[in-house]
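Visitor: Sharing a model prediction with you, sequence too.
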Amino acid sequence: MANVVPVEEYTREWYPGYKPEHFDFPYVVDAPSPFKPGDENAFWFLDFHWSRGLTPLAATLWSADGYCAGTQSASENLPLPPGRGVTCRFAGTHLYGSPIPEEDPREIGARANRLGTNLPHFLQNYRSIWEAGRDELEATWDYFQGIDLASVPTSDLGTLIRQGRRYHKRAMEIHFAVMYPMLVNFLGFYGSCAEMGIDTSLVGKFLQGEETKIMELDRELYALATKARQAGLSQVFADNEPGDMRAALSAHGGPASQWLTDFDDWLQVWGHRTDATCDVGVPSWIEDNTNAFGNIKTFLMKDTDHDFAAAARNALEERDAAIDAARSGLTREEQAVFDGGLAANQAANFPWWQDDHNYYIDLKVMLPLRQACQELATRVGADHRDDMLYLFWPELLQVADGEPYAGELSALVRDRRQYFDHWHGKRSEMPKVLGTVPDSVEDPVLIEIFGINPGSLRAVQNPDAANETTLTGVAAARGTATGIARVLQSSDELHRVAPGEILVCESTSPNWTPAFGKIAGAVCDGGGMLSHAAIVGREYGVPTVTAVGVATLAIGDGDKIEVDGTNGRVTILKRAAELVDTEPGQS
């Protein structure tokens, strides 16, 4: 019998001043909303992408344009036979997703037939389809970059804000229209490998070793750390917190001044990125340098720099060895099937695209809208530059079109800030699942991206999860590592991770990638074989276990743990309190 986790306590008042019409947008199958009575009949999972929580504007745009328009339209158009995309609900500021099943047998058969027609066309034209979408988005990005917001008349800001949202919505259409068929293609190959007796934990390895824009960004960030070391600035970084680093370097003068010039030049190329996925509520690295400085600070704590070239060579060697080993155990007929599936997946490489596309979409598409909102806040005399982010979309348009902000709306924003802060502090207490929890799920996005499988579902329902010392999950990236666990609630804290430590978190997104150049291992509550942590763990040679379900609950910050990425096992060796009492050299 399915377990039911009540949603009642999350069906009460949402953000102060919220009205249902604030979410009155077109959708395909199901609309977003706060939790409401009856939602306990569906299965809901806590989405790891937004561990900070979402402001009203961010909640409006992602849930409407991403989940409910992006996934639902893509899964209808491809289509995916068993599912109709994803919908979402909010518990406080935290987003829960739910797969929308297709249960009509006739429709499932019809959708399978359409898939059989549509997928080959996509695969034959994948490169041109993706590149056309990417280039369209880059052209729109260049358009926004060419605008001097300070010179835009206030009466025109509403147009820019509407254009900013259309940019995001179009990005979501392109994103999911490419993602879903690539995922189906990967799963077909995965299934064929399973039928032929190939270890399916190796399938991701068959596709590793491809260069991505995110990896290029990381190399350039590491190059800045190398320059800082060569300029004799390591001690300046060691003595100062990331938020104070610019002032400290400016005061130091000499080579630090040249390094800061190089850093600012780097930001102009690579700093148009946020530390969250498509979240208008989060600043870019240009707006807030803290995480960039923080990562460089911890890179300098390593005795040697991460060898990107060696990691790339190792990834390619492991890939080729894994492919050869898999083929050697197959018959000639099976080899033909394997080779055909491998070639199709190398041409439309989902693990590569999953990381590469984030540079063009997830990390920056919200920035034009954010910047226009900040300019509007300045023009209307708001208390803070990001006050507009605490408005729902219809309210934002009212202000942009000239209606008063001072008074009722500004008072609501102050109340909503308090509401956001309250729920932000409750993230670690939020249930991993809500509603009717099944024994398993069929939606491939939930399985391969979010890591929701029978094991993780059992783990999150275990009342003694916090006391477990041996955890299991998906063997995402092979190898074994032992180190101190650094448990993070969001990527805002990445600068806390020291070299050689084990990153423990809900899951990672592209904004977490710099950490993989310094950590010894990674453990995630969520994430499947195609999650960011799994892909980057394989590329960087970092032992990684995903889909543990309760890693952030069972593992304490400072615990000594072992990560076995080959067998999907995590062992807590000593609790942090025990290590404090252990003599040096005996831990």
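Guide: Yep, it's here.

Visitor: Determine which residue lies closest to the centroid of this structure.
Guide: Centroid-nearest residue in the chain, with CA atoms, centre = their mean: Ser509, separated by 2.8 Å.

Visitor: Low-confidence ranges, the stretch 451-587 of the chain, go.
Guide: The model of the stretch 451-587 of the chain has pLDDT under 70 over residues 581-587.

Visitor: what's next to stretch 163-173, contact-wise?
Guide: The contact list for stretch 163-173, computed with CB atoms under 8 Å, 6 or more residues apart in numbering, reads 61, 65-66, 69-70, 73-74, 136-137, 140-141, 144, 278, 361, 365-366, 368-370, 372, 393. Yep, even glycine has a C-beta here, placed from its N, CA and C like the rest.

Visitor: who are the neighbours in contact with the closest residue to Glu318 other than its chain neighbours?
Guide: Of all residues not flanking Glu318 in the chain, Lys205 sits nearest, at 6.0 Å (CB to CB, 6 or more residues apart in numbering). Contact analysis of Lys205 by CB under 8 Å, 6+ apart lists 318-319, 322, 478, 538.

Visitor: out of these, which one sits closest to Pro56?
Guide: Arg538 (37.8 Å; CB to CB).

Visitor: Can you give me the separation between the closest one and Ser456?
Guide: 20 Å (CB to CB, to the nearest Å).

Visitor: Ile484 now?
Guide: In terms of CB to CB, Ile484 sits 24 Å off from Ser456.

Visitor: okay, those two: which has more neighbours?
Guide: For Ile484 versus Ser456, neighbours defined as other CB atoms under 10 Å are more numerous around Ser456 (27 against 19).

Visitor: which SSE is that one in?
Guide: Using DSSP states H and E, the element containing Ser456 is helix 454-460.

Visitor: Just give me how far that helix sits from the chain centre.
Guide: 21 Å (CA atoms, centre = their mean, to the nearest Å).

Visitor: Which other helices and strands does the following helix or strand past that helix contact?
Guide: Later in the chain than helix 454-460, the nearest helix or strand by DSSP H and E is strand 470-472. Helices and strands touching strand 470-472, by 3 or more CB pairs under 8 Å, 6 or more residues apart in numbering; DSSP states H and E, are helix 454-460, strand 569-574.

Visitor: and the last one, C-alpha only, in PDB?
Guide: What that stands for is strand 569-574. The C-alpha trace of strand 569-574 is given here as PDB (Å, rounded to 0.1, in the frame of the first residue of the first chain):
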ATOM      1  CA  ARG A 569      27.600   3.100  -1.100                       C
ATOM      2  CA  VAL A 570      28.400   5.800   1.500                       C
ATOM      3  CA  THR A 571      29.700   4.900   5.000                       C
ATOM      4  CA  ILE A 572      29.900   7.300   7.900                       C
ATOM      5  CA  LEU A 573      33.200   6.400   9.600                       C
ATOM      6  CA  LYS A 574      33.200   8.900  12.500                       C
END
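
Visitor: Summarise which helices and strands that strand is packed against.
Guide: Counting by 3+ CB pairs under 8 Å, 6+ apart, strand 569-574 packs on strand 470-472, strand 560-564.

Visitor: export those to TSV and tack on distance to Leu330 and mean neighbour count?
Guide: Listed next are those as TSV, based on distance: least, CB to CB, whole Å; neighbours: other CB atoms under 10 Å:
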stretch	distance to Leu330	mean neighbour count
strand 470-472	29	18
strand 560-564	28	22
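
Visitor: gap between Pro514 and Ala498?
Guide: 13 Å.

Visitor: higher neighbour count, the two?
Guide: Set side by side, Pro514 and Ala498 show more neighbours around Pro514, with 26 against 15, by other CB under 10 Å.

Visitor: shouldn't the more buried one be in contact with Leu494?
Guide: Yes. With contact defined as CB atoms under 8 Å, Pro514 reaches Leu494; the gap is 6.8 Å.

Visitor: For Ala466, give its distance to Val580.
Guide: 20 Å.

Visitor: ok, back up a step: just the buried ones from the contacts of stretch 163-173, in PyMOL syntax?
Guide: Buried members of these, defined by 16 or more other CB atoms under 10 Å, are picked up in PyMOL with:
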select buried, resi 61+65+66+69+70+73+74+137+140+141+144+278+361+365+366+368+369+370+372+393
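
Visitor: Within the helices and strands, which one has the residue nearest to Ser192 when sequence neighbours are not counted?
Guide: Leaving out its chain neighbours, the residue that sits closest to Ser192 by CB to CB, 6+ apart is Gly341, at 5.3 Å. Secondary-structure assignment from DSSP H and E places Gly341 in helix 332-347.

Visitor: which is the next helix or strand following that helix?
Guide: Downstream of helix 332-347 (by DSSP H and E), the next one is helix 350-360.

Visitor: helices or strands up against that next one?
Guide: So helix 350-360, by 3+ CB pairs under 8 Å, 6+ apart, packs with helix 126-145, helix 154-195, helix 213-230, helix 532-540.

Visitor: in the shortest one, what's buried?
Guide: Spelled out, it's helix 532-540. For helix 532-540, by 16+ other CB under 10 Å, it's 532-540.

Visitor: contact partners of it?
Guide: By CB under 8 Å, 6+ apart, helix 532-540 touches 204-205, 208-209, 215, 306, 311-312, 315, 351, 354-355, 474, 476-478, 507-510, 512-513, 516-517, 522, 524, 527-528, 542-544, 546, 565.

Visitor: next one: the first one
Guide: Under the contact criterion CB under 8 Å, 6+ apart, helix 126-145 has outside partners 122, 163-164, 167, 170-171, 174, 177-178, 181-182, 347-348, 353, 357, 360-361, 364-365, 367-368, 371.

Visitor: could you check the angle helix 154-195 makes with it?
Guide: 160 degrees (axes from the mean of the first three to the mean of the last three CA atoms, to 10 degrees).

Visitor: could you give me the average pLDDT of helix 126-145?
Guide: When pLDDT is averaged along helix 126-145, the result is 97.

Visitor: What of the longest one?
Guide: Averaged over helix 154-195, pLDDT sits at 94.

Visitor: thinking in terms of the whole chain, how far from its middle is that helix?
Guide: That offset, for helix 154-195, works out to 14 Å (CA atoms, centre = their mean).

Visitor: do the same with stretch 74-85
Guide: On CA atoms, centre = their mean, the centre of stretch 74-85 falls 22 Å from the chain's centre.

Visitor: Could you tell me the model confidence score at Met1?
Guide: Value listed for Met1 in the pLDDT field: 53.

Visitor: Tell me which of the helices and strands packed on strand 569-574 lies nearest to Ala251.
Guide: Closest approach to Ala251 among the helices and strands packed on strand 569-574 (CB to CB): strand 560-564, 38.2 Å.

Visitor: And the closest one, what does it pack against?
Guide: strand 480-487, strand 502-505, strand 521-524, strand 544-546, strand 569-574.

Visitor: what's the closest of those to Glu13?
Guide: Here strand 502-505 is closest among the helices and strands packed on strand 560-564 (CB to CB), at 30.2 Å.

Visitor: The closest one - which strands sit beside it in the sheet, and in what orientation?
Guide: Next to strand 502-505 in the sheet, as set by DSSP bridges, lie strand 480-487 (parallel), strand 521-524 (parallel).

Visitor: quick one: Leu57 from Tyr360, how far?
Guide: 22 Å.

Visitor: Comparing those two, which residue is more hemmed in?
Guide: Neighbour count, other CB under 10 Å: between Leu57 and Tyr360, Leu57 has more, with 25 against 20.

Visitor: In a helix, that one, correct?
Guide: Yes. Checked against DSSP: H, G, I helix; E, B strand; the rest coil, Leu57 lies within a helix.

Visitor: Return the residues in contact with the closest residue to it other than its chain neighbours.
Guide: Sequence neighbours aside, Leu389 is the residue nearest to Leu57 in space, at 4.8 Å (criterion: CB to CB, 6+ apart). Residues in contact with Leu389, defined by CB under 8 Å, 6+ apart, are 55-58, 280-281, 370, 373.
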